[in-house]
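# okay, here's the prediction I keep looking at, along with the sequence it came from:
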Amino acid sequence: MKTKTIILESIKNSDVWTEVAFELKFEKFEKENPSLDEDKLADKFYTDVISKMFEYGEYANIKLTIDENFNITGGKIIPHAKP
């Protein structure tokens, strides 16, 4: 079956990309940084995780693989590259 890969850039979804990061990564991050208080932990999480994947926590770049039936068969979020 044929597939085509495309990149969707700067997909804005306010708060959702940040929510995705918190939902999927924060618990592990919190366990790895037990000495930080709540505010410092959130700041470090934003710097170390969110800002590396999403621009301003609102924009994502996504790579999708689509088959000839127009089904998404693969893909990933492309990390945000800092200028």
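Happy to help now that I have it.

# centroid-nearest residue for the protein?
Residue closest to the average C-alpha location in the chain (C-alpha atoms, centre = their mean): M53, at 4.5 Å.

# spatially nearest residue to it (excluding sequence neighbours)?
Counting by C-beta to C-beta, 6 or more residues apart in numbering, M53 lies nearest to P79, which is 5.3 Å off, once chain neighbours are set aside. To be clear about C-beta, it is placed using only N, CA and C from the backbone, and glycine gets the same treatment.

# count residues in the vicinity of that neighbour, would you?
11 (other C-beta atoms under 10 Å).

# in this structure, which spans are helices?
Taking DSSP state H to define them, one finds helices in the chain at 16-21, 27-32, 38-45, 51-53.

# let me see the contact set for the closest residue to F26 other than its chain neighbours.
Counting by C-beta to C-beta, 6+ apart, F45 is the residue found nearest to F26 once chain neighbours are left out, at 6.1 Å. Neighbouring residues of F45 by C-beta atoms under 8 Å, 6 or more residues apart in numbering: A21, F22, K25, F26, F29.

# tell me the one of those residues nearest S35?
F29 (12.9 Å; C-beta to C-beta).

# what about the closest one, how many neighbours?
F29 - counted by other C-beta under 10 Å - has 16 other residues nearby.

# ok, for it, nearest residue in space, not its chain neighbours?
Nearest non-adjacent residue to F29, counting by C-beta to C-beta, 6+ apart: F45, 5.4 Å away.

# tell me how far that neighbour lies from L36.
9 Å (C-beta to C-beta, to the nearest Å).

# so who does the residue nearest to the centre of the chain touch?
Counted by C-beta under 8 Å, 6+ apart, M53 has contacts W17, A21, A60, I77, P79, H80.

# which of the helices of the chain sits most buried?
helix 16-21 (a mean of 18; mean count of other C-beta atoms under 10 Å).
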